[in-house]
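Trainee: Sequence first, predicted model second:
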Amino acid sequence: MAKLDEILKDITDTVDGSLACAVVDLNTGLLLGISSDDKYFSEEFYDVIAAAAVDMFRGKSVRGIESLISQQTGREVTKTIKEIQISTATTYQFMSTLPGKKDALLVLITDRSANLGMGWMKLRSTAPKVSPFCP
């Protein structure tokens, strides 16, 4: 798993304002890998972030909407959300499913000094390197 940790560390090292980068299994909510230099974030914090990400991408409300769309269109619609960006008072959070892995999520958390375009560019360009390490 060292290689995955190295890739995640590269993301946090090259995006100004990076606080953490992680891979989340969207089936279980488990962290598959993480890189963080922020001393204020605890393991419990990352577990809560992972659970919230699972809910945003695969939660009951999302499944309900997908079910309604399926009923209206006559075709099965599942796992439709691919990317989400969240802005809080102090952070940006970039989340993107991995190519070829509908159940793995790459998450980058930065402070508000980060360039949004750089965050997305690094996340999207690195995602193919992360995919082989995910179920």
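Mentor: That came through, no problem. In this text the structure is predicted, and so the values were computed from the model without any measurement. Residues are numbered from 1 along each chain as shown.
Trainee: What's the local residue count around the residue nearest to Tyr92 when sequence neighbours are not counted?
Mentor: Spatial nearest neighbour of Tyr92, excluding adjacent residues (Cβ to Cβ, 6 or more residues apart in numbering): Thr110 at 4.9 Å. Using the backbone N, CA and C atoms, a C-beta is placed for each residue, glycine as well. Thr110 has 24 neighbouring residues, counting by other Cβ atoms under 10 Å.
Trainee: before we move on, what about Asp25?
Mentor: Residues lying near Asp25 (other Cβ under 10 Å) number 17.
Trainee: what is it paired to in the beta sheet?
Mentor: Ala104 (DSSP bridges).
Trainee: List the residues that contact it.
Mentor: By Cβ atoms under 8 Å, 6 or more residues apart in numbering, the contact set of Asp25 is 31-32, 103-105, 134-135.
Trainee: quick one: which of these has the most company?
Mentor: Leu105 (28 neighbours).
Trainee: Just give the nearest non-adjacent residue to it, would you?
Mentor: The shortest distance from Leu105 to any non-neighbouring residue, by Cβ to Cβ, 6+ apart, is to Val24 (4.4 Å).
Trainee: go on, Phe133?
Mentor: That would be Leu4: by Cβ to Cβ, 6+ apart, it lies 4.2 Å from Phe133.
Trainee: what's the burial count for that neighbour?
Mentor: Residues near Leu4, counting by other Cβ under 10 Å, number 18.
Trainee: now swap in Phe133 and tell me
Mentor: Using other Cβ under 10 Å: Phe133 sits among 18 other residues.
Trainee: Against Ser35, how distant is it?
Mentor: Distance, Phe133 to Ser35, by Cβ to Cβ, to the nearest Å: 13 Å.
Trainee: tell me the contacts of Val23?
Mentor: Residues near Val23 by Cβ under 8 Å, 6+ apart: 4, 8, 31-34, 98, 104-107, 130, 133-134.
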